[in-house]
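In: The amino acid sequence is not available; the structure is as follows:
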């Protein structure tokens, strides 16, 4: 561990700004993936272990659309909508058949999809790293703040993600759909008895969760190298975020994602060989203090 380097960074404005921006980007992408995980688990009761692969598909879809159109907006939309449609098919054809099944069965089905999607990615896009070029509209001088340098794309990605976080929070707390979803999470049988189509509701929730993963992949494509299997690492961190924030809590996922992002950014300077260990220690500490997570509600 190099606490001298960490202390030197924390006392230097330029270093703090640079690492903060890096941490925010990590946190924003983590939030988009983790919010989908927590929505699906909170309502459907399924641990979608394939969610990281949805993020990978979003990145590859965006990369392909950009190659054809050279339009970043179309690329981002292509990544998001493509994954949403794939998610609906996955939920209807496979996942819906194992609702209420043993957790091991759910994990095996999802893990099989992970392996299949990784191999399909190798066939369609190759096994080597590929990179989507930074769109022309973002090839501008970076923003300078406090002596630090922040790429314009980082600012745009942060603003877009915060807007999505506010929008999803409003959807889940201020609309009829959100109230119905929360009711179904508490008592599916009662919601069905009231004449609400729970099948359509489940499809909608899974589509929303898949859409968020696709958006994350599409937004990550210009700043991340694309390779089959890239969804595994972000999936593990997304589960950490979900556990820390509290199952089913969008606000909790946002706060936890920021904590993990900043831990990664500053940990790479102070303890580069133990960054992941610190993340797990943080998760363990929060679970000891509040087992339901920061914003989770304890079950009655």
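Out: Structure's in. What do you need? What you see is a predicted model, and the numbers here were worked out from it, not measured in a lab.
In: Ramachandran angles for residue 102?
Out: Torsion angles at residue 102 (phi, psi; degrees, to the nearest 10) stand at phi -60, psi 140.
In: what's the answer for residue 148, then?
Out: phi -90, psi 160.
In: how many neighbours does the residue lying closest to it once chain neighbours are set aside have?
Out: Distances taken as CB to CB, 6 or more residues apart in numbering put residue 17 closest to residue 148, at 2.6 Å, once the chain neighbours are dropped. C-beta here means a position set from N, CA and C on the backbone, and glycine is covered the same way. The number of residues packed around residue 17, counting by other CB atoms under 10 Å, is 18.
In: can you check residue 219 too?
Out: Applying other CB under 10 Å, we find 28 other residues in the vicinity of residue 219.
In: Look up how far residue 156 lies from it.
Out: Taking CB to CB, to the nearest Å as the measure, residue 219 falls 9 Å from residue 156.
In: Over to residue 79?
Out: 16 Å.
In: Looking at the two, which is more packed in?
Out: Neighbours were counted for residue 79 and for residue 156 using other CB under 10 Å; residue 79 has more, 32 against 14.
In: per-residue pLDDT, that one?
Out: Predicted confidence (pLDDT) for residue 79: 95.
In: ok, it touching residue 65?
Out: Yes. Between residue 79 and residue 65 there is a contact under CB atoms under 8 Å: 7.1 Å.
In: one step back: mind listing what the residue nearest to residue 148 touches?
Out: 145-150 (CB atoms under 8 Å, 6 or more residues apart in numbering).
In: Neighbour-wise, which one of those residues leads?
Out: Counting by other CB under 10 Å, top hit in the contacts of residue 17: residue 150 with 20 neighbours.
In: List the beta-bridge partners for that one.
Out: Bridge pairing for residue 150 (DSSP bridges) gives the partners residue 143.
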